[in-house]
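mind looking at a prediction? Sequence and model below.
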Amino acid sequence: MKNYLLVILLLFHFVSFNQKKNEAKKIIDATRSANDIKVDGLLNEDSWKVSRTKSAFTQITPDAGAASTEKTEVRVIYDDEAIYIGAVCYSKPGNVSRVLSQRDQYNSNTDYFSVLLDTYQDELNGFVFSVSTEGVQYDAKIYASDYNSKLNMIWYSEVTHSDSSYTVEMKIPYSAIRFAKKDIQSWGINFTRYISLTREESTWNVVRPDLDNVVTQAGTLRGIENITPPPRLFFSPYLSAYVEHFPNQGDDDSDIGFDFNGGMDLKYGINEAFTLDMVLIPDFGQVVTDNVVLNLSPFEVFFDENRPFFNEGTELFEKTGHFYSRRVGGRPINSYKAVSSLKENEVIISNPNKTPLYNATKVSGRNKKGLGIGVFNGLSGQQFATLEDTISREKREVETAPLSNYNLIVLDQNLKNNSSITFTNTNVWRSGETYDANVSALQTKLNSFDNTYYISANTALSQQYYSTSQKFGHTLGVGIGKQTGNFRYNVDYLEQSDTYDPNDMGFLFNNNKRNISASLRYNIFKPFWKLNSLSATFTNTYSRLYNPNEYVNTTYNFSTWITNRKFHSFSFNIDGSYTEINDFFEPRTPGYYFKIPRYIGGGASISSNYQKPFALDAGLNIYDYVGIEWMDFGYRISPRFRLGNKVFLVYRFEQSLNLKQEGYAIPFVGQQPANENPIFGKRDVRTTTNTIDLNYTINNKSGITFRLRHYWSRVKYQDFFELNLNGELEPIDIPTMENGIHKYNTSFNAFSIDMVYRWIFSPASEINIVWKNNIFTEDSETNIAYLQNLQQTLRTDQLNSISIRIVYFIDYLNIKKWVNKKRDK
């Protein structure tokens with residue numbers, strides 16, 4: 001084995017030093033401004049007139065490597081306070097899209113100009129600032145080609161229009177970015193222009209679409225001298241008020257509730273490289289409602305993080321994949337105790353699904369030697385379920401979550417050739433008898449000289465500490481492949497022990513696996529025949545359990561995606577298993593597995609040109625399990641309407657049908673004796689989802705968003721079985737009818753509305769008014785039509801909430817300037 005590894009490393013060393021270099025980077029020189037700059041989109045100050053102009057943009061899409069079809073001129077000037085970007089984007093009359101959108105929410109109909117700054121020239125990390133033709137701002141932190149736009153940096157921009165062009169002027173204060181403290185600066189820089197009419201994306205320094213790192217392909221900015229990183233101290237105090245209607249409160253409780261909150265976000269620049277972010281007394285009541293589903297699988301459902309603090313500047317914390325921020329202030333770890341603690345004649349009055357979050361703090365940054373450091377801490381409080389005796393009416397509380405402290409440390413070192421090595425440690429301490437947890441992880445990726453080839457490796461150790469015992473687990477993964485060019489490939493191995501559990505601060509669907517996978521991918525980036533681009537991928541995966549070392553399955557997948565000259569896109573995929581599947585997770589019982597026949601299936605989708613006022617997305621898929629009745633079928637259709645430049649409407653209809661599906665009988669969870677075989681059921685599962693997204697953008701500072709979602713899932717059982725130790729099912733007779741209704745069937749509804757008015761009245765200062773409506777129902781009525789079910793759902797108890805939240809941004813530098821002016825007077 002050692003000899004094979006040595007050969008691989010020698011080959012990797014050889015290709016690392018025998019690859020041709022990328023094209024020479026372009027250079028632009030910044031000019032120091034001798035006068036004050038007014039950001040008005042006119043570029044009429046003397047400093048602009050004497051600054052150097054650069055142009056000659058090159059396409060990324062649709063014709064990679066070709067010259068841009070429209071001329072773009074850029075200039076860069078600076079002073080002691082900020083860097084300024086000026087751009088003149090020429091265009092034929094009528095060819096510039098002026099579609100409005102809300103901040104950080106560009107779509108394919110938006111024309112924009114952007115600048116990328118790699119202030120440490122590490123060719124991995126950078127800042128992106130974009131302005132649309134209507135002056136809508138977008139900003140993001142970028143790692144290689146991964147953008148995080150869930151942050152709002154403070155900068156300024158204006159746009160003006162003429163018959164033949166539009167002009168962009170940006171002012172990016174040094175307080176919005178980070179850079180080394182030295183006399184002469186040298187930064188990576190690139191400029192991007194997007195023309196929605198022709199879907200053309202072009203850059204000043206050439207960017208290859210086959211290389212998944214846009215930062216390393218930036219040009220060079222020279223000429224910035226004698227600037228100093230400014231003090232960075234920002235405060236964002238907030239006030240919020242809620243009026244909520246709770247359904248069917250008891251005699252002692254009002255149906256109407258009022259709540260008032262106040263707190264503050266604080267951001268402090270410890271030095272030029274590192275920043276402290278802190279949220280004090282957080283309030284996340286206005287975040288969008290989760291897409292709740294009926295979960296029939298043995299695995300946890302993953303929900304997106306929608307809380308702003310946990311989305312901003314977390315790319316370093318998430319690099320090794322061991323930080324799932326919804327654990328912090330999330331579902332109580334002992335919520336099951338509300339049921340297990342019930343005594344005779346007791347019922348559950350309340351069992352909150354969140355724990356109170358007292359505060360959260362993070363420190364992050366990267367020094368001039370390329371070492372990224374991240375430290376996170378969060379403190380959540382106790383949570384309780386309330387139980388009531390139905391006879392005496394006495395109430396008591398049961399603790400479902402203890403006081404908990406969450407900690408995370410990340411060390412990420414940049415290496416040559418955009419390589420890196422990362423260490424992550426997560427730790428959760430809980431008061432009382434609930435266990436504590438720790439995970440330590442190490443990850444590295446080594447690239448060849450021109451980033452064509454790579455070797456990657458990762459490993460982690462999980463530890464859980466109980467009062468009388470400990471549990472240890474591990475994961476190990478290695479990979480090698482080619483990551484650039486038209487033809488790419490990779491081979492990966494992943495191993496996770498049956499005791500590996502990172503889920504106290506991370507997220508893992510299931511452990512206990514050994515997977516080997518190999519993928520081949522071919523891309524065509526330049527237009528040919530009637531197509532603009534094509535991508536095709538073929539993947540094989542071989543899977544076993546870690547413990548016991550048993551065979552699971554071997555699967556294949558072929559997928560392709562094409563875009564034609566009219567910008568209509570089409571996809572197609574074929575999936576299947578070569579052999580019978582041994583599912584060790586569906587039985588939910590140690591020692592059992594479920595035999596599933598091999599399957600074959602596939603799907604197709606179409607997406608029409610989004611530039612048109614009306615566009616359509618549609619898709620379907622079908623899977624058949626050989627030799628049995630089980631079949632999965634699904635389809636979706638989503639028309640998109642753009643009404644003028646301000647209104648955008650998307651409707652989505654999705655339906656999935658799992659016919660004659662065989663799986664663990666969910667109604668028997670917790671009711672089955674431990675010494676009996678697991679009970680399975682044959683069932684039809686029909687799920688229908690309707691979603692409406694409406695955006696009305698009033699101007700580049702305010703707008704209204706409306707989102708409605710109705711999810712309905714029905715489970716109709718037909719037969720029940722016992723699962724034997726050989727993985728096969730044996731029919732059993734279980735009485736199912738009660739008062740004329742199949743008592744084991746399930747009908748689950750989740751109906752939600754999120755309506756938000758947002759007004760950015762000053763940089764990083766805004767007012768949000770939110771209406772939320774939530775309805776959740778579950779019963780056994782499955783034989784009704786969709787509209788009848790919807791009517792019944794809307795007549796049931798629902799939670800309504802109207803809230804207002806005001807955030808005001810305060811910059812220490814502005815206060816200091818104001819004080820100095822007062823003193824001078």
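Done, it's in. Numbering: from 1, shown residues only.

low pLDDT regions in the stretch 701-825 of the chain?
Scanning the stretch 701-825 of the chain with the threshold set as pLDDT under 70 gives 740, 825.

that one: strands as residue ranges?
With DSSP state E, counting those that start in this stretch as the criterion, the stretch 701-825 of the chain has strands at 702-723, 729-732, 737-738, 741-742, 746-762, 765-779, 799-807, 810-811.

wait, which of those strands is closest to Tyr242?
strand 799-807 (4.4 Å; C-beta to C-beta). Glycine gets a C-beta too; all of them are placed from N, C-alpha and C.

tell me the strands beside the closest one, with direction?
Each strand that pairs with strand 799-807, with its direction, by DSSP bridges: strand 233-245 (antiparallel), strand 765-779 (antiparallel).

please spell out which residues along the following helix or strand past the shortest one are buried.
Going back to what we said before, that points to strand 233-245. Downstream of strand 233-245, the next assigned helix or strand under DSSP states H and E is strand 256-269. Residues Met264, Asp265, Lys267, Tyr268, Gly269 are the ones in strand 256-269 that count as buried (16 or more other C-beta atoms under 10 Å).

now strand 256-269 against strand 233-245, angle please.
If you take axes from the mean of the first three to the mean of the last three C-alpha atoms, to 10 degrees, strand 256-269 sits at 170 degrees to strand 233-245.

list the contacts of stretch 737-749.
With contacts defined as C-beta atoms under 8 Å, 6 or more residues apart in numbering, stretch 737-749 is touched by 294, 665-667, 681, 710-717, 734, 736, 775-782, 789, 793.

returning to what we had before: the strands of the stretch 701-825 of the chain into a markdown table, with extra columns for distance to Arg222 and mean neighbour count?
Compiled in a markdown table, the strands of the stretch 701-825 of the chain are given as follows (distance: least, C-beta to C-beta, whole Å; neighbours: other C-beta atoms under 10 Å):
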| stretch | distance to Arg222 | mean neighbour count |
| --- | --- | --- |
| strand 702-723 | 40 | 19 |
| strand 729-732 | 72 | 13 |
| strand 737-738 | 80 | 10 |
| strand 741-742 | 75 | 16 |
| strand 746-762 | 34 | 18 |
| strand 765-779 | 36 | 17 |
| strand 799-807 | 38 | 17 |
| strand 810-811 | 29 | 17 |
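
switch the ones you listed over to JSON lines; also include distance to Phe310.
Formatted as JSON lines, the strands of the stretch 701-825 of the chain follow (distance: least, C-beta to C-beta, whole Å):
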{"stretch": "strand 702-723", "distance to Phe310": "20"}
{"stretch": "strand 729-732", "distance to Phe310": "44"}
{"stretch": "strand 737-738", "distance to Phe310": "45"}
{"stretch": "strand 741-742", "distance to Phe310": "42"}
{"stretch": "strand 746-762", "distance to Phe310": "18"}
{"stretch": "strand 765-779", "distance to Phe310": "18"}
{"stretch": "strand 799-807", "distance to Phe310": "16"}
{"stretch": "strand 810-811", "distance to Phe310": "22"}
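
same list (the strands paired with strand 799-807) but as TSV, adding distance to Glu676.
Shown next, in TSV, are the strands paired with strand 799-807 (distance: least, C-beta to C-beta, whole Å):
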stretch	distance to Glu676
strand 233-245	45
strand 765-779	26
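
still on that earlier bit, from the buried residues of strand 256-269, which is closest to Lys660?
Checking these against Lys660 with C-beta to C-beta, the nearest one is Asp265 at 52.6 Å.

list the residues that contact the closest one.
Asp265 sits next to Phe235, Ser236, Tyr238, Asp277, Met278, Val279, Leu280, Phe309 when contact means C-beta under 8 Å, 6+ apart.

state the distance from it to Glu394.
Here Asp265 is placed at a distance of 42 Å from Glu394 (C-beta to C-beta, to the nearest Å).

show me what contacts the residue most central in space within the chain?
Geometric centre of the chain, nearest residue: Asp304, 6.3 Å, by C-alpha atoms, centre = their mean. Taking C-beta under 8 Å, 6+ apart, we find Asp304 in contact with Asp290.

equivalent analysis for Ser762, please.
With contacts defined as C-beta under 8 Å, 6+ apart, the neighbours of Ser762 are Tyr808, Phe809.

quick one: the helices in the stretch 1-150 of the chain, in order.
Under the criterion DSSP state H, counting those that start in this stretch, the stretch 1-150 of the chain contains helices at 2-16, 46-50.

these: lowest mean pLDDT?
Among the helices of the stretch 1-150 of the chain, helix 2-16 has the lowest mean pLDDT, at a mean of 43.

confidence score at Leu43?
Looking at Leu43, its pLDDT is 96.

still on that earlier bit, what's the closest of the buried residues of strand 256-269 to Tyr336?
Checking the buried residues of strand 256-269 against Tyr336 by C-beta to C-beta gives Asp265 as the nearest, at 34.1 Å.

how far away is the closest one from Tyr324?
Using C-beta to C-beta, Asp265 is found at 22 Å from Tyr324.

now Gln443
Distance, Gln443 to Tyr324, by C-beta to C-beta: 16 Å.

with Ser605 instead?
Going from Ser605 to Tyr324 by C-beta to C-beta gives 29 Å.

more neighbours: these two, which one.
Per other C-beta atoms under 10 Å, whichever of Ser605 and Tyr324 has more neighbours is Tyr324, with 21 against 17.
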